[in-house]
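Task: produce atomic coordinates for the following.
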Amino acid sequence: MTTRERLECGERMLERIDAQRQSKGDPGIFAAVEGRIVGRELDDLETEWRADSEMGAVLPQPNLSARRSVKP
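Residues are numbered from 1 along each chain as shown. Okay, here's the model as predicted:
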């Protein structure tokens, strides 16, 4: 799956989550799934930025598992 296809799939999933939240009136529906999708994309963006950036090599490595454990 290309990056574009993955992003489009994630977008569709997030749109479905929003629709469910609106129809049920519950803003917490699928919060964990949403967090995983957004967290994955942020991790990938950071990895790409570090690979493409001159500063990426000198910055400390983040604790990505800590970001995922944060509950929305």
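
From residue 47, how far off is the residue positioned nearest the centre of the chain?
What sits nearest the mean C-alpha location of the chain, by Cα atoms, centre = their mean, is residue 38, with 1.6 Å. Going from residue 38 to residue 47 by Cβ to Cβ, to the nearest Å gives 15 Å. Any C-beta I mention is one placed from the backbone N, CA and C, and that applies to glycine too.

same question, residue 39
Counting by Cβ to Cβ - residue 39 and residue 47 are separated by 13 Å.

Read off the pLDDT value for the residue nearest to the centre of the chain.
In this prediction, residue 38 carries a pLDDT score of 93.

Tell me the buried residues in the helix or strand harbouring it?
Assigned by DSSP states H and E, residue 38 belongs to helix 31-52. Buried residues in helix 31-52, counted by 16 or more other Cβ atoms under 10 Å: 34-35, 37, 39, 46.

May I have the predicted confidence score for residue 29?
Note for residue 29: predicted pLDDT of 93.

What about it, how many residues nearby?
Residue 29 is flanked by 16 other residues according to other Cβ atoms under 10 Å.
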